[in-house]
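Got a predicted structure here, sequence first:
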Amino acid sequence: MRFATPAGLCATALLACAMPLRADPPAGLALEPSFTENFDSPRLDPARWTTNFGGTGQRSENVAKRSLYGNRERQLYFDKAFLGAGIDPFTIRRGILTITARPLPAPVQARVQAALAKQPAKIQQSALKDVRYSSGLITTAGSFSQAYGYFEMRARWTMGKGVWPAFWLLPAGGGWPPEIDVIEAHGDKPTTAFQSLHSRLQKAITRKVAMDGSAAQFHDYGVLWTPETLDYYIDGRKTASIPTSKDAAKPMYLLANLAIGGHWPGDPDATTVMPARMEIDHIRAWRFRTPPG
């Protein structure tokens with residue numbers, strides 16, 4: 001896929017032109033790089049990335065670890081080996097990771113239902129029985145985690161009802177919450193971003209912010225995490241600030257995913273174009289040279 005012609009015009013009908021590249025945290029901070037993924041290799045590094053909620057290097061066949069079914073999501077997170085279906089939602093070209101979500105073919109749907117039948121009755125009756133799409137998730141669980149610093153993803157995605165991309169952080173030691181959501185978006189709200197903190201100690205706080213341009217363009221989505229505050233940024237512009245809860249003071253790992261449907265964004269409708277795609281240019285983190293606190 002090409003993104004621009006030599007004359008600077010978009011050459012793809014899928015997504016709008018990319019915006020100028022930013023690759024630095026806010027100025028004036030004593031930070032140093034701690035994690036850099038520019039997707040320069042032709043495949044995801046399995047020592048760095050896992051593609052389910054099982055942890056680095058685990059090829060879980062458990063469908064319950066392939067979706068957050070409590071959200072009533074309609075996708076399972078596939079990799080090429082899952083269920084022997086050969087569905088690979090990940091492609092890397094020209095330094096861009098593309099995560100593709102598409103409807104499940106009938107034979108794969110049958111495999112999903114057979115795998116679900118092996119689960120406890122409670123899970124069988126969960127939203128997993130209604131999954132209709134394949135998609136992708138990447139996490140650094142077991143390979144990289146960090147407390148405090150600046151975390152950033154440069155990405156864009158296709159529009160449409162039920163398209164739910166996210167870049168977020170979860171505790172390396174397990175458990176939930178806390179959860180830091182650097183960016184969540186709804187595909188039918190192309191100029192809106194959601195930036196959140198979930199905590200055991202208080203109600204979830206979500207800031208609904210207006211974006212310059214559209215989520216169909218590349219943007220840098222970042223959070224500056226300190227013991228006092230979570231300061232959120234889009235393209236270097238501070239968009240929101242949330243006080244850091246006491247339970248959000250532990251190392252967290254990174255996640256990026258493209259969910260489809262659920263009780264929050266709603267399910268795809270007749271206007272949603274499939275396949276849906278999320279394109280990630282880079283994911284990076286910086287740590288404080290002198291640890292805070």
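Right, received. Where do you want to start?

any idea how far the longest strand seen in the chain is from the chain center?
In the chain, taking DSSP state E as the definition, the longest strand is strand 276-288. Distance, stretch centre to chain centre, for strand 276-288: 9 Å (CA atoms, centre = their mean, to the nearest Å).

repeat for stretch 121-128
24 Å.

How much space separates residue 77 from residue 256?
For residue 77, the distance to residue 256 equals 11 Å [CB to CB, to the nearest Å]. The way it works is simple: take the backbone N, C-alpha and C, and place the C-beta from them, glycine included.

so what sits against both of those two?
residue 137 (CB atoms under 8 Å, 6 or more residues apart in numbering).

Give me the more crowded residue out of the two.
residue 77 (27 against 24; other CB atoms under 10 Å).

Please list all residues in contact with the closest residue to the more buried one other than its chain neighbours.
Leaving aside its chain neighbours, residue 77 sits nearest to residue 137 (4.1 Å; criterion: CB to CB, 6 or more residues apart in numbering). By CB under 8 Å, 6+ apart, the contact set of residue 137 is 51, 52, 53, 77, 255, 256, 257, 258.

and residue 110, helix, strand or coil?
State at residue 110, reduced to three classes by DSSP: H, G, I helix; E, B strand; the rest coil: helix.

Same check on residue 83?
Per three-state DSSP, residue 83 ends up helix.

my guess is it meets residue 118, correct?
No - Residue 83 is not in contact with residue 118 according to CB atoms under 8 Å; the separation is 11.7 Å.

Can you get me the start-to-end distance on stretch 224-237?
12 Å (CA to CA, to the nearest Å).

got the contact list for it?
19, 22, 24-26, 29, 147-152, 180, 182-183, 193, 195, 197, 207, 209, 211-212, 219-223, 238-244, 248-249, 292-293.

go again using 7 Å as the cut-off
19, 22, 25-26, 148-151, 180, 193, 195, 197, 207, 211-212, 219-223, 238-244, 249, 292-293 (CB atoms under 7 Å, 6 or more residues apart in numbering).

Out of those, list just those in strands.
If you go by DSSP E, the contacts of stretch 224-237 have 149-151, 180, 193, 195, 197, 207, 219-223, 238-243 in strands.

Buried among the residues you listed? Make that a ChimeraX selection.
Listed next is the ChimeraX selection for buried residues among those, using 16 or more other CB atoms under 10 Å:
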select :149,150,151,180,193,195,197,207,219,220,221,222,223,239,240,242
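
For the closest residue to residue 194 other than its chain neighbours, give its distance to residue 120.
The shortest distance from residue 194 to any non-neighbouring residue, by CB to CB, 6+ apart, is to residue 184 (4.4 Å). Remark: distance between residue 184 and residue 120 (CB to CB) = 29 Å.

who has more neighbours, those two?
residue 184 (20 against 9).

quick one, what contacts that one?
By CB under 7 Å, 6+ apart, the neighbours of residue 184 are 166, 194, 196.

In JSON lines: these, plus neighbour count and pLDDT.
Listed next are the contacts of residue 184 as JSON lines, based on neighbours: other CB atoms under 10 Å; pLDDT from 0 to 100:
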{"residue": "166", "neighbour count": "21", "pLDDT": "98"}
{"residue": "194", "neighbour count": "19", "pLDDT": "98"}
{"residue": "196", "neighbour count": "21", "pLDDT": "98"}
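
so which of those comes closest to residue 69?
residue 166 (15.9 Å; CB to CB).

Could you say which helix or strand holds the closest one?
strand 163-171 (DSSP states H and E).

Check which helices and strands that strand is in contact with.
For strand 163-171, the packing partners by 3 or more CB pairs under 7 Å, 6 or more residues apart in numbering; DSSP states H and E come out as strand 149-157, strand 179-184, strand 252-260.

Would you reformat the ones you listed as a markdown table and include mean pLDDT?
Below are the helices and strands packed on strand 163-171 laid out as a markdown table (pLDDT from 0 to 100):
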| stretch | mean pLDDT |
| --- | --- |
| strand 149-157 | 98 |
| strand 179-184 | 98 |
| strand 252-260 | 98 |
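
Can I get those in CSV including distance to residue 128?
Listed next are these as CSV, based on distance: least, CB to CB, whole Å:
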stretch, distance to residue 128
strand 149-157, 24
strand 179-184, 21
strand 252-260, 13
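
of these, which approaches residue 113 most closely?
The nearest among the helices and strands packed on strand 163-171, by CB to CB, is strand 252-260 at 17.9 Å.

No further queries at this time; thank you.
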